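> Mind looking at a prediction? Sequence and model below.
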Amino acid sequence: MRIDNDPKLDFDDVLIRPKRSEAPSRASVQLEREYSFLSGGGTWRGVPIVAANMDTTGTLAMARALGPPMLTCLHKYYSEDVLVDFFRDEARGRSAFFTVGLKDDEFDKLAAVKRKARVPMVCVDAANGYTKYFVERVKRVRDAFPETTVMAGNVATPDMVQELLISGAADVVKIGIGPGSVCTTRRVTGVGYPQLSAIIECADAAHGLRGHVCADGGCRFPGDVVKAFAAGADFVMLGGMLAGCDECEGEWVEEDGRRVALRFHGMSSREALDKYAGGRRDYRACEGRAVSVPYKGPVLETMGEIAGGLRSACAYVGATQLKDLSKCTTFVLCNRPHGSMFE
């Protein structure tokens, strides 16, 4: 056992210091970025915000609404035929990740869809990206589909980012252990890493290897999305912030024929395990919860607020484009009581 005494930070621990600048108005701030991927080859250009591959938010309707220019990581419970039809639509297929987990049948479904349609981006998704089996699965996807852009996670420390990138298995590494709004991993297991520090440290490791990171979890407000990009994230993945939008799937609560709330659950919650895994096994605990999220309307309204926050933040620090935000950022530590990461 050892104790790491270096301070680690979450989004609530910092603010961004404004700076005098000659930047133009926020309306002229460029949010689109272009990335080249070494392993899979090719480039992508757009606004690097990603809808999470949860069964409520990673939907076909979400992908059609957001992309292009934004991305959606589709959940892995659609049938093969549905996915083939979607990815055959070239305009939408370039704005969505096909999600695959660690099971052989999920890999087989990916292979079957790719035989019938072009799938340019794949997300290899696991709650614990530190296992040897996870790394081997990512390498299996890379070896089978070398032309595909691969995002893999989740991890939260530079060592695993480096392993996934140096091996050539991943183009983008997904960062976040336990910060999600409906994730209870930190409470149940005591395992995790403050998300702002995880992004800073992992982005530094990835960029030194010409790789990329996607911050996954912990964003509750548009300002948190700003802080994630300011910390060095190349992409930011959102779940809870998009839950409750029209494009979500799941259990809606209605009053007088109108949607008022959505039942939103983590993918390791009892609700999700009952729905997709035949219930919780004796050897594991539930690491997610279910909450009711108020109805928010069309997702583009929510994205408009997020994009507006990003543009304003860039104007405050003198960045003319999102690409420059991290270079222009100085974080200021806030004097707040520690221990509120679970609020």
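Arrived safely, thanks for sending. Residues are numbered from 1 along each chain as shown.
> Relative to residue 187, how far out is residue 221?
Separation of residue 221 from residue 187 (Cβ to Cβ, to the nearest Å): 22 Å. C-beta coordinates here come from the backbone N, C-alpha and C atoms, glycine included.
> meant to ask about residue 137, not that
Residue 137 is 27 Å from residue 187, by Cβ to Cβ.
> The two: which has the busier surroundings?
Shown here are residue 137 and residue 187; by other Cβ atoms under 10 Å, residue 137 has more neighbours (22 against 13).
> ok, and the closest non-adjacent residue to residue 224?
Leaving aside its sequence neighbours, residue 224 sits nearest to residue 11 (Cβ to Cβ, 6 or more residues apart in numbering; 4.5 Å).
> can you count the residues close to that neighbour?
Residue 11 has 24 neighbouring residues, counting by other Cβ under 10 Å.
> Give me the pLDDT for it.
Residue 11 is assigned a pLDDT of 97 by the prediction.
> Please name the residues that touch residue 140.
The contact partners of residue 140, by Cβ atoms under 8 Å, 6 or more residues apart in numbering, come to residue 107.
> Assumed it was part of a strand.
No - under DSSP: H, G, I helix; E, B strand; the rest coil, residue 140 falls outside any strand and is assigned helix.
> what about it, distance to residue 13?
Here residue 140 is placed at a distance of 38 Å from residue 13 (Cβ to Cβ).
> And residue 295, by the same measure?
Here residue 295 is placed at a distance of 31 Å from residue 13 (Cβ to Cβ).
> what about the residue nearest to residue 224, distance to residue 199?
Distance, residue 11 to residue 199, using Cβ to Cβ: 9 Å.
> Common neighbours of those two, please.
Residues touching both residue 11 and residue 199 (Cβ under 8 Å, 6+ apart) are residue 228.
> residues in contact with the residue positioned nearest the centre of the chain?
Closest to where the C-alpha atoms of the chain average out (Cα atoms, centre = their mean) is residue 237, at 2.5 Å. Contact analysis of residue 237 by Cβ under 8 Å, 6+ apart lists 49-52, 73, 174, 176, 214-217.
> and if you look at residue 160?
Here residue 160 is in contact with 129-130, 173 (Cβ under 8 Å, 6+ apart).
> Now flag whichever of those is closest to residue 117.
residue 173 (25.9 Å; Cβ to Cβ).
> distance of the closest residue to residue 54 other than its chain neighbours from residue 176?
Of all residues not flanking residue 54 in the chain, residue 239 sits nearest, at 5.1 Å (Cβ to Cβ, 6+ apart). Relative to residue 176, residue 239 is positioned 10 Å away (Cβ to Cβ).
> out of these two, which sits in the more crowded spot?
Legend: neighbour count by other Cβ under 10 Å for residue 239 and residue 176, higher for residue 176 (28 against 25).
> Am I right that the more buried one is in contact with residue 197?
No - between residue 176 and residue 197 there is no contact under Cβ atoms under 8 Å: 11.6 Å.
> hang on, the earlier thing: how close does the residue nearest to the centre of the chain sit to residue 73?
To residue 73, residue 237 is 7 Å away according to Cβ to Cβ.
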